[in-house]
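J.: this one's structure only:
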């Protein structure tokens with residue numbers, strides 16, 4: 001006897017996430033990966049975001065929505081669909097699951113990076129605030145960047161605000177160049193994101209300032225296209241948007257099934273910094289220390305000794321150690337470990353290589369030695385670090 005059974009209903013999900021930037025594309029990859037393994041889902045996707053989708057949005061019969069918090073977000077949410085909101089321009093929306101970047105960690109990481117470059121003067125460039133674009137994330141990054149700089153004993157960073165409207169940037173660039181000219185040099189600058197960082201680099205050219213010799217610039221998001229098109233290429237704090245997209249899709253599935261036991265926030269973490277030429281600089285006039293730091297950066301991914309660093313610097317180990325502590329506040333060995341563990345962290349997050357393979361690549365005797373070394377620098381085991389920061393993980397929505 002043949003029975004007619006209905007096939008299971010395939011959820012239809014609206015995606016209002018732009019694809020013009022690396023962050024949006026990474027979020028979409030994470031969502032697609034979750035649907036591929038846990039679906040199937042049917043998608044309505046508008047690459048231009050909510051503004052372009054709005055005319056037809058109310059005609060779509062959907063089961064859930066993932067969207068940016070753009071200007072008409074309240075009207076879109078009035079539909080009552082289960083929703084996950086990806087924060088950008090507004091503060092978190094109460095009562096909903098919000099995807100937010102770890103702006104506190106981003107500010108501190110960027111400060112730490114510029115401090116390790118040896119800068120003693122600092123600045124921050126963010127976005128202005130208007131009635132809708134409150135840019136809370138930019139303000140938080142500025143606050144915790146400044147906190148890290150003050151902790152190190154330096155004056156609070158000078159601040160500048162650009163409009164978030166790209167069409168206004170050409171006119172504003174001259175004012176930004178004037179601000180940059182007046183700053184003490186050399187100076188390390190944090191841009192609130194990569195687009196802002198690119199504008200700083202262009203304004204430096206207008207002002208005749210050399211990057212990174214006079215101005216070191218680091219952005220946020222690690223949008224590879226933006227960073228590589230910037231001249232010189234832009235260093236940037238990487239954010240794991242792909243993992244955030246995966247977690248957003250997992251949260252939406254639970255909402256579509258009627259669950260309300262979800263935390264309001266999914267955190268897009270910042271696992272590491274990608275260093276490019278815009279901060280490839282040691283801000284010290286002392287030639288021996290400068291040569292030593294450059295040697296560590298060039299060779300520190302392998303197993304090097306303090307004696308090798310001293311020979312490269314052309315100074316005795318004892319004398320170089322004194323200069324490191326006086327100028328940088330850390331030992332030669334601490335610098336070697338920092339550079340090496342940062343490289344280990346990138347391999348753990350950006351590749352699927354087994355820990356044993358990474359250990360062998362970097363010259364460790366075995367995985368146990370590798371794990372002890374890594375944990376001393378990052379306070380996590382390699383496997384725990386990978387599970388926390390990898391593109392996808394087995395944890396529940398955080």
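T.: On my side now, so go ahead. What you are looking at is a predicted structure, and each value in this text was computed from that prediction instead of being measured. Numbering: from 1, shown residues only.

J.: and stretch 21-39, what's buried?
T.: 21-28, 30-35 (16 or more other C-beta atoms under 10 Å). To be clear about C-beta, it is placed using only N, CA and C from the backbone, and glycine gets the same treatment.

J.: return the closest of those with respect to residue 243.
T.: Relative to residue 243, the closest of the buried residues of stretch 21-39 is residue 30; by C-beta to C-beta it sits at 6.2 Å.

J.: that closest one and residue 387, how far apart?
T.: 16 Å (C-beta to C-beta, to the nearest Å).

J.: what's the closest non-adjacent residue to residue 164?
T.: In this structure, residue 164 finds its nearest non-sequential neighbour in residue 127, 4.3 Å apart by C-beta to C-beta, 6 or more residues apart in numbering.

J.: and the helices in the stretch 151-300 of the chain?
T.: 169-182, 194-207, 224-229, 241-256, 287-299 (DSSP state H, counting those that start in this stretch).

J.: any low-confidence regions in the protein?
T.: For the chain, the stretches with pLDDT under 70 are 1-7, 47-58, 70-72, 76, 89-90, 129-135, 283, 391-398.

J.: in it, which spans are strands?
T.: 12-16, 42-45, 64-68, 83-86, 97-101, 122-127, 158-162, 187-191, 215-221, 235-238, 265-268, 272-274 (DSSP state E).

J.: can I get those strands in JSON lines including distance to residue 302 and mean neighbour count?
T.: Converted to JSON lines, the strands of the chain look like this (distance: least, C-beta to C-beta, whole Å; neighbours: other C-beta atoms under 10 Å):
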{"stretch": "strand 12-16", "distance to residue 302": "44", "mean neighbour count": "23"}
{"stretch": "strand 42-45", "distance to residue 302": "45", "mean neighbour count": "15"}
{"stretch": "strand 64-68", "distance to residue 302": "43", "mean neighbour count": "23"}
{"stretch": "strand 83-86", "distance to residue 302": "40", "mean neighbour count": "24"}
{"stretch": "strand 97-101", "distance to residue 302": "33", "mean neighbour count": "23"}
{"stretch": "strand 122-127", "distance to residue 302": "31", "mean neighbour count": "25"}
{"stretch": "strand 158-162", "distance to residue 302": "38", "mean neighbour count": "19"}
{"stretch": "strand 187-191", "distance to residue 302": "27", "mean neighbour count": "28"}
{"stretch": "strand 215-221", "distance to residue 302": "25", "mean neighbour count": "28"}
{"stretch": "strand 235-238", "distance to residue 302": "22", "mean neighbour count": "26"}
{"stretch": "strand 265-268", "distance to residue 302": "32", "mean neighbour count": "20"}
{"stretch": "strand 272-274", "distance to residue 302": "19", "mean neighbour count": "19"}
